[in-house]
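[1] what's the 3D shape of this:
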Amino acid sequence: MQEHNDIYDMVTINEAINAVKNNIPPLFKEENKPLEKCGGYHLSKDIVSPVNMPPFRQSAMDGYALFLHNDLSYSLIGEVKAGDRHQPTLRPGEAIRIFTGAPVPETANAIMMQEKVAVIGSKITLESHLPEGRNIRPMGEQVKTGDLALKQGTKLTPAAIGYLTSLGITQASVYKKPSIALITTGNELVEAGHPLTYGKIYESNSKMLLNALYNLKFYDVTIHKIADDYTQTKNKLETVIDDNDLVIVTGGISVGDYDFVGKALKELQVKEVFYKVKQKPGKPLFFGKKEGTAIFALPGNPAAALSCFYTYVYIALQKMMNKNTIELPRIKAKSISTFEKKGDRPQFLKAIYKDGEVEILEGQNSSMLQTFALSNALAFAPEDMTAININDDIELILLPV
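    This is a model prediction of the structure:
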């Protein structure tokens, strides 16, 4: 990392966002996965249907399959239910009882729903005539053998997975999601569940960011914890940069005597894209890259780290997945509270949005997660704003739920 003159070298929020957009290419790595594990992935290849769907003429409802004639009365000669293989032969004026999903005999040319049929013994009477083909799903109505079932780039939603499974498909070629390493740094950090001795705090960033990633359907994540030691920091960074598509570090990126992340990244020849953003919280934010790996070094304070994750790392993840929409939704809302902004840095404020209104919460310190835990939005106070008043129109970033 190069030397910095603080305010003169800080980039703006928009400059930082654009830098992330311009320096993260789509991954376009492919992998074959069992279909049941493809939820949220995007197809990397077209899928052609191996079968007709439905594979036979199929009843669309419970009722009576008919060989139509001019009368409303029919002779009932049998029954076909879903899964049956037999094919009764009907003559004009004959009918069979049939159920939803059952194969329709070739000699039947319409189905009347059971609610519109009177049954007396082996005779049925229809309420009215119906046209040929009514309530019969033709073979291949959804898709025919050899036709395009789903095209490359389609997101595999539960419905898409159900559809492909109905075609007998068991696996798909999808774009691989990024492999991600989370690194937390700090001698003061203790794992939750262990005794908290004087001078120590419980480490929360790793589980916080891990669950933020899981919530976005990114599961290929490893967690690494290192002490404030230069050699350990450099060696761990070198390993995870070689092994992952994205590296996220929290802590150790400021300029204190025991902040070794920046020095280690420089020695590892990570190309700096930017370091320090004119914003609050999260000024000491680093973004760089080395070969095919993107590296974010976030502030150690939890609320600052999470704000930076949603503002910048989120965009990088969507770019890697070649998404069309790569930023979280932004809307305007009326403030129902007041806030005095100190300093000239733009600020992201923890807030609750509901029904067109936004409440700016107390406790905006970058180390505080209590109010972040209640938030569903970040309110944005730009550089030239000194205060938020009731009924002011405020820009919001809506957080993932």
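[2] can you tell me the element residue 50 falls in?
    Secondary structure from DSSP states H and E places residue 50 outside every helix and strand.
[3] measure it to residue 149 for me?
    Between residue 50 and residue 149 the computed distance is 9 Å (CB to CB, to the nearest Å). Placement of C-beta: from N, CA and C, glycine included.
[4] quick one: which of those two has more around it?
    residue 149 (23 against 12; other CB atoms under 10 Å).
[5] would you confirm that that one contacts residue 51?
    No: checked against CB atoms under 8 Å, the pair residue 149 and residue 51 is beyond contact range at 9.7 Å.
[6] what do the two both touch?
    residue 167 (CB atoms under 8 Å, 6 or more residues apart in numbering).
[7] point out where the protein drops to low pLDDT.
    Within the chain, the segments meeting pLDDT under 70 span 1-8, 256-258.
[8] how is it partitioned into domains?
    Domain assignment for the chain by automatic domain parsing gives 6-29+177-320, 30-52+141-175, 58-137, 330-398.
[9] show me the contact partners of stretch 139-148.
    By CB under 8 Å, 6+ apart, stretch 139-148 touches 46-58, 149, 163, 167.
[10] burial check on residue 300, number of neighbours?
    When neighbours are counted by other CB under 10 Å, residue 300 registers 25.
[11] which residue is the nearest non-sequential neighbour of it?
    When the adjacent residues along the chain are set aside, residue 300 lies closest to residue 251, with 3.1 Å between them (CB to CB, 6 or more residues apart in numbering).
[12] am I right that the one you found is in contact with residue 261?
    Yes: assessed by CB under 8 Å, residue 251 is found in contact with residue 261 at 7.5 Å.
[13] where do the contact lists of these two overlap?
    Counting by CB under 8 Å, 6+ apart, the residues touching both residue 251 and residue 261 are residue 185.
[14] re the thing from before, just say which of the domains of the chain is most tucked in.
    Comparing those by mean neighbour count (mean count of other CB atoms under 10 Å), domain 6-29+177-320 ranks first with a mean of 18.
[15] for the closest residue in space to residue 84 that isn't next to it in sequence, give its distance to residue 111.
    Leaving aside its sequence neighbours, residue 84 sits nearest to residue 102 (CB to CB, 6+ apart; 6.2 Å). Using CB to CB, one gets 10 Å for the distance from residue 102 to residue 111.
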